[in-house]
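Colleague: How does the following fold in three dimensions:
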Amino acid sequence: MKVTLRRFTPDPEQAIIESASVCWKSVPRKQILPHIIKAGHWTPLEFAQFNFRIEGVSRSLTHQLVRKRVGVAFCQESQRYVKYKGGFEYVTPESILHCDPGVTYCDKDAYQVFLKAMRSAEAAYEQLLELGVPGEDARFVLPNACCVTIDMAINYHALLDLCKERLCSRAQWEIREMVGLLKEEVEKVSPVLAEYLQPKCYWLKHCPEAKPCGRQAVSGQ
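Modeller: Have a look, this model is predicted:
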């Protein structure tokens, strides 16, 4: 997995501060930023934009990611037009690659089962292409594990919302790792803005999940 911040609003903190100062017709100053974030006045945060390229992630991940619709835009590698002759790259979950022998499903040698499924999909895809089936139809046999590249443009407000949900320890492991890398990229250009990219329990001061990780007290306790 590779995440690269390709473009961003120059001086994103100042862009937010200047936009927020319009609301009160005040002089732009640094104190505005923590004030509007803590007060939940997040509209000015949309004036800072970040464009990422995300590579080596699974279709399973992007199916989750593209459900984020407000304040974000995507351009994803097309399986309709890109042909995968000679095989395709895929993501192997750690639970399959390095699973605990004591776990029931590992008794069936989970990695070999997974590998056989990937090879079978590769063979079927190639055979369909050789038989003249259009790539847009041959792709129907490709698995969710198939790797893909996706570009994402997202404003800071939307990025905060994404991190609230996907940095939670109960989020699926692959997308949680990806969002962690998004945060690392933002930190390179704005450590201040990166610091606010936190899971939802940070903002709620409690855990709303049915199975908490223990970072925060459970809601209602």
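
Colleague: S169 belongs to a strand?
Modeller: No: S169: not assigned to a strand; according to DSSP: H, G, I helix; E, B strand; the rest coil it is coil.

Colleague: how close does it sit to Y202?
Modeller: 12 Å (Cβ to Cβ, to the nearest Å). Using the backbone N, CA and C atoms, a C-beta is placed for each residue, glycine as well.

Colleague: try T149
Modeller: T149 is 30 Å from Y202, by Cβ to Cβ.

Colleague: One more: V189?
Modeller: Distance, V189 to Y202, using Cβ to Cβ: 21 Å.

Colleague: Quick one: the helices in this protein, in order.
Modeller: 12-24, 32-39, 59-65, 94-97, 110-130, 135-138, 156-166, 173-189, 191-195, 200-204 (DSSP state H).

Colleague: Go through the ones you listed and name the closest to P212.
Modeller: Taking Cβ to Cβ, helix 200-204 is the member of those nearest to P212, at 8.3 Å.

Colleague: before we move on, back to that, deepest-packed of the helices of the chain, please.
Modeller: When the helices of the chain are scored by mean count of other Cβ atoms under 10 Å, the highest mean neighbour count falls to helix 156-166 (a mean of 21).

Colleague: Quick check: the nearest residue in space to G71 that is not next to it in sequence vs R139, distance?
Modeller: Among residues not flanking G71 along the chain, A158 sits closest, at 3.1 Å (Cβ to Cβ, 6 or more residues apart in numbering). Separation of A158 from R139 (Cβ to Cβ) stands at 29 Å.

Colleague: Hmm, F52 and R7 touching each other?
Modeller: No: counting by Cβ atoms under 8 Å, R7 stays clear of F52, with 9.0 Å between them.

Colleague: more crowded one of the two?
Modeller: For R7 versus F52, the count of surrounding residues by other Cβ atoms under 10 Å is larger for F52: 21 against 11.

Colleague: Contact partners for that one?
Modeller: By Cβ atoms under 8 Å, 6 or more residues apart in numbering, the residues touching F52 are V3, T4, L5, R6, D151, M152, A153, I154, L182, E185.

Colleague: could you dump these to JSON lines with pLDDT?
Modeller: Converted to JSON lines, these look like this (pLDDT from 0 to 100):
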{"residue": "V3", "pLDDT": "98"}
{"residue": "T4", "pLDDT": "98"}
{"residue": "L5", "pLDDT": "98"}
{"residue": "R6", "pLDDT": "98"}
{"residue": "D151", "pLDDT": "98"}
{"residue": "M152", "pLDDT": "98"}
{"residue": "A153", "pLDDT": "98"}
{"residue": "I154", "pLDDT": "98"}
{"residue": "L182", "pLDDT": "98"}
{"residue": "E185", "pLDDT": "98"}
